[in-house]
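S.K.: missing the sequence, but the structure's below:
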């Protein structure tokens, strides 16, 4: 397996992932009330997705993600698409990202957890009654469709539990030529959303030869350092993609709190903690990514990952 992150890691302090897709689309006026969330725009407004991706590219992202986090046969079936049509939409979402970046950045095929497809918030609990085998079967179809779009790597995001991590490891063993990045959702500064210790599960995932980075995403910025410090020494580099600092209030369906004033300062602290891959999740913007780019470019390469 060729690791597409290695040349970047050798050349700079950290690899920069892009920022939020769904909340950035909403900020620009998109209606994402559908259960498909940002994947709805794959059907209705692919040009809006491309515009966000171009802005992250211009902000300096080294890796641009497809808007396929919530794409699946099950989700698309609810709007009348056949299995073949659903797979084609996922493939197209990856391929169109490649067309946007035109070789100026790596393309990550973004795949969310099974809970994201349910659209009930369970990606933040992991409370869904599927076995490891059933979860592997679910994700295998998505990985196959994503790979048809020729991404540079597959990014599993917001994974809430050890059982879903084990399912992903099955796919790593099945697709040995594919580089995978895996990031987790957490409940606090120690545990995954479902309750297992992050450091223990991250270590198991990082031991897979074709897992090229492991970390956390979609979490409060202050939670990042304790979690990743607990997992220092992994074989794979550490990833941090925090939210803006605001919190989603499900009861009122709105964001509360205030964003961090200086996203670049956050990135500086993460680099000090050993993070080698950094980006943004919900409510982060191209401006935040530009601030992160400036910090990364001002720091000397820090040596070996982990």
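M.R.: That came through fine. As the structure is a prediction and not an experimental result, all values here were calculated from the model. Numbering: from 1, shown residues only.

S.K.: For residue 110, which three-state class applies?
M.R.: Secondary structure, DSSP: H, G, I helix; E, B strand; the rest coil: residue 110 is strand.

S.K.: Who are the contact partners of it?
M.R.: 21, 65-69, 155, 157 (CB atoms under 8 Å, 6 or more residues apart in numbering). Using the backbone N, CA and C atoms, a C-beta is placed for each residue, glycine as well.

S.K.: which intervals of this structure have sub-threshold pLDDT?
M.R.: Residues of the chain meeting the criterion pLDDT under 70: 249-251, 253, 301-306.

S.K.: ok, 50 please
M.R.: The chain contains residues with pLDDT under 50 at 302-306.

S.K.: Let me know whether residue 208 touches residue 181 as I believe.
M.R.: No. Between residue 208 and residue 181 there is no contact under CB atoms under 8 Å: 11.3 Å.

S.K.: So for those two, which sits in the more crowded spot?
M.R.: residue 181 (25 against 19; other CB atoms under 10 Å).

S.K.: from what I can see the more buried one touches residue 156, true?
M.R.: Yes. Between residue 181 and residue 156 a contact is recorded at 7.2 Å, counting by CB under 8 Å.

S.K.: Quick check: neighbours shared by those two?
M.R.: Between them, residue 181 and residue 156 share no contacting residue, judged by CB under 8 Å, 6+ apart.

S.K.: thinking again about what came up before, residue 236: which of the contacts of residue 110 is nearest?
M.R.: Relative to residue 236, the closest of these is residue 155; by CB to CB it sits at 13.1 Å.

S.K.: So the closest one: helix, strand or coil?
M.R.: Using three-state DSSP, the three-state assignment for residue 155 comes out as strand.

S.K.: Residue 64 now?
M.R.: Once three-state DSSP is applied, residue 64 turns out strand.

S.K.: how many other residues sit next to it?
M.R.: By other CB under 10 Å, neighbour count at residue 64 equals 24.

S.K.: now swap in residue 137 and tell me
M.R.: Applying other CB under 10 Å, I find that residue 137 has 14 neighbouring residues.

S.K.: From residue 264, how far off is the residue minimising distance to the centre of the chain?
M.R.: Note on the chain: the residue nearest the mean C-alpha position is residue 157, at 3.9 Å, using CA atoms, centre = their mean. Here residue 157 is placed at a distance of 23 Å from residue 264 (CB to CB, to the nearest Å).

S.K.: same thing with residue 204?
M.R.: From residue 204 to residue 264 the distance is 33 Å (CB to CB).

S.K.: Do a quick rundown of the strands in the stretch 151-300 of the chain.
M.R.: In the stretch 151-300 of the chain, the strands defined using DSSP state E, counting those that start in this stretch lie at 153-159, 180-184, 211-217, 238-241, 247-249, 254-256, 275-278.

S.K.: Any idea which of those strands gets closest to residue 50?
M.R.: Nearest of those (CB to CB): strand 153-159, 18.4 Å.

S.K.: Good, wrapping up.
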